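Asks: Below is the sequence, then the predicted model.
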Amino acid sequence: MTSFCAFEWCTKGKCIMPSRPVSESHPEVAERLAVGSAETLANGNKSDLQAAKRLAKRLYSLDGFKKSDVARHLSKNNDFSHIVAEEYLSYFNFSGMMVDQALRMFLREFALMGETQERERVLSHFSKKYLQCNPNTILNEDSVHTLTCALMLLNTDLHGHVRWILFSELFSTLRG
């Protein structure tokens, strides 16, 4: 029996979602901002718009980075990373798309890896951008974010090695 996966990181019916980014073993690559630039993220708190734009462009075009490096830069909890995430998402246009279509498009460009709170931050950036592109949707940011997390949870559940989640369990999880 062949199972269908809604996301691009699946191989042979199994989703590959490592908990640690490959770039952790190569921090010198992950911390470079721009070709020929001496700027680095020594403390992760510098909010330099031009550096953020350069980094976002390089992440989107995978210029010196791998797909596994992208989420690490979008998921940090500091001002600079928030700017990088906004700039990175400026390369996407989700106008007129359903949430699941937009999420597939977004996740084709990089590997969403990291701890739960790091993944959640990336999905939060996605939710904001989705609403910017679809201002007339009946959903609000929290609804888009909840739906996005539910889609990720169901996708992981579909391809996991444990029993499938019951609707009542999913509903309870989403209610918090």
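Replies: On my side now, so go ahead. These figures come from a predicted structure and were not determined experimentally.

Asks: Quick check: residue 75 touching residue 122?
Replies: Yes. Counting by Cβ atoms under 8 Å, residue 75 does reach residue 122; the two are 5.1 Å apart. The way it works is simple: take the backbone N, C-alpha and C, and place the C-beta from them, glycine included.

Asks: hey, what's in contact with both of the two?
Replies: Each of residue 114 lies in contact with both residue 75 and residue 122 under the rule Cβ atoms under 8 Å, 6 or more residues apart in numbering.

Asks: Need the three-state assignment for residue 109.
Replies: Taken by DSSP: H, G, I helix; E, B strand; the rest coil, the conformation at residue 109 corresponds to coil.

Asks: mind listing what it touches?
Replies: Contacts here follow Cβ under 8 Å, 6+ apart; on that basis residue 109 touches 60, 67, 70.

Asks: out of those residues, which is most surrounded?
Replies: Neighbour counts for the contacts of residue 109 (other Cβ atoms under 10 Å) peak at residue 70, which has 26 neighbours.

Asks: check which helix or strand covers that residue.
Replies: helix 67-74 (DSSP states H and E).

Asks: Show the average pLDDT along that helix.
Replies: In this model, helix 67-74 has an average pLDDT of 94.

Asks: With stretch 126-133 instead?
Replies: Stretch 126-133 comes out at a mean pLDDT of 95.

Asks: Then stretch 103-116?
Replies: 92.

Asks: could you dump that stretch to CSV, C-alpha only?
Replies: Extracted in CSV, the C-alpha atoms of stretch 103-116 (Å, rounded to 0.1, in the frame of the first residue of the first chain):
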residue,chain,number,x,y,z
LEU,A,103,2.7,25.4,3.5
ARG,A,104,3.8,22.8,0.9
MET,A,105,5.3,25.6,-1.3
PHE,A,106,7.1,27.1,1.7
LEU,A,107,8.5,23.7,3.0
ARG,A,108,9.8,22.7,-0.5
GLU,A,109,12.5,25.3,-0.1
PHE,A,110,14.2,24.1,3.1
ALA,A,111,14.2,21.3,5.7
LEU,A,112,12.2,22.3,8.7
MET,A,113,14.4,20.9,11.5
GLY,A,114,15.2,21.7,15.1
GLU,A,115,13.5,21.6,18.5
THR,A,116,9.7,22.0,18.7
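
Asks: buried ones in that stretch?
Replies: Of all the residues in stretch 103-116, those buried under the rule 16 or more other Cβ atoms under 10 Å are 103, 106-107, 109-114.

Asks: Pull the contacting residues for the residue nearest to residue 140 when sequence neighbours are not counted.
Replies: Counting by Cβ to Cβ, 6 or more residues apart in numbering, residue 131 is the residue found nearest to residue 140 once chain neighbours are left out, at 7.5 Å. For residue 131, the contacting residues are 137, 139-141, 144, by Cβ under 8 Å, 6+ apart.
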